[in-house]
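Engineer: just coords:
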């Protein structure tokens, strides 16, 4: 039987637009549910999909977006709170609304994108909202498949690209603490591929943790990126307490260069759990950061393209 139609919430975001493309490659029909229609322009004009305006905070528009589809992907996320858009409103309330209305519409499969380390009892508002969101979504749609990626990198990301730009410009670079937080960066294209494969496979596991093939400390990751941009800045330890104070001030600025949420995340290792289902279960060979770094840094950061790091 040919794949049916899938509604993607957050389909114009960093991950979402890749999910749309991968679903189409897997022969699904795709309905992109987007709050701001003008953002549809972010998607390639070569892609053939249905676009509908939908606000995850509104029952009626969500119900219309999930009507008549066989699958739903919720890739909506929030990394900085603003006004009524809070971590709880997006990751818990809105996610629950999508799950509940998908169940009521008779949707067969719901994929909810969360994150590694989501814990409902965390002291971090962001992590806590992710954990509570997972529980609430599962309560509303018991057959939900959770996708928990590590920090994602790719063209136009908000992770590698800003770091590369700063390392290229600054002779001294402050570390979070002593730079020993462990990270397992994952290629966004691999995560999108995993989501499409889960949607195709009715026997998929209920939760996947997706991390890249290599674990870095924050310090070692900076060293890899610095070599790629041809720099060797001095990496200086900086206490987390001072980072929190700076972030509190930075959050009052229009562009918010750093938030307390980001500082809190950098105090915790971001690694897949031993034995958790992941890329291997989906027959995906995850892409290394070093393989993609030259093109990502060169194209996205506007820096010279150098040979791959050794």
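Structural biologist: Looks like it came in fine. Because the structure is a prediction, the values reported are computed rather than measured.
Engineer: from the chain's centre, how far out does stretch 121-133 sit?
Structural biologist: Distance of stretch 121-133 from the chain centroid (CA atoms, centre = their mean, to the nearest Å) equals 16 Å.
Engineer: Could you identify the longest helix within the protein?
Structural biologist: helix 125-140 (DSSP state H).
Engineer: Just checking: what are the partner strands of the helix or strand following it?
Structural biologist: For helix 125-140, the following helix or strand on the C-terminal side (DSSP states H and E) is strand 145-149. Its sheet considered, strand 145-149 pairs with strand 109-113 (parallel), strand 207-210 (parallel) by DSSP bridges.
Engineer: Including distance to residue 127, could those strands go into TSV?
Structural biologist: Every C-beta, even on glycine, is put in place using the N, C-alpha and C of the backbone. As requested, those are exported to TSV (distance: least, CB to CB, whole Å):
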stretch	distance to residue 127
strand 109-113	15
strand 207-210	15
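Engineer: Residue 198: which of the ones you listed is closest?
Structural biologist: Residue 198 sits nearest to strand 109-113 of all those, at 5.9 Å, using CB to CB.
Engineer: Next, the angle helix 125-140 makes with that closest one.
Structural biologist: 170 degrees (axes from the mean of the first three to the mean of the last three CA atoms, to 10 degrees).
Engineer: what sits up against strand 109-113?
Structural biologist: With CB atoms under 8 Å, 6 or more residues apart in numbering as the test, strand 109-113 has contacts from 10, 15, 70-75, 77, 95, 98-99, 102-103, 133-134, 137, 141, 143-147, 149, 195, 198-199, 202.
Engineer: State the mean pLDDT of that strand.
Structural biologist: Mean per-residue pLDDT for strand 109-113: 97.
Engineer: go on, stretch 195-213?
Structural biologist: Per-residue scores along stretch 195-213 average to 93.
Engineer: Any idea how far apart the tips of that stretch sit?
Structural biologist: 18 Å (CA to CA, to the nearest Å).
Engineer: pLDDT weak spots in the protein?
Structural biologist: 1-2, 298-310 (pLDDT under 70).
Engineer: How is it partitioned into domains?
Structural biologist: 5-149, 153-185+212-270+284-303 (automatic domain parsing).
Engineer: With residue 276 as the reference, name the closest of the ones you listed.
Structural biologist: Of all the domains of the chain, domain 5-149 comes closest under CB to CB, at 8.2 Å.
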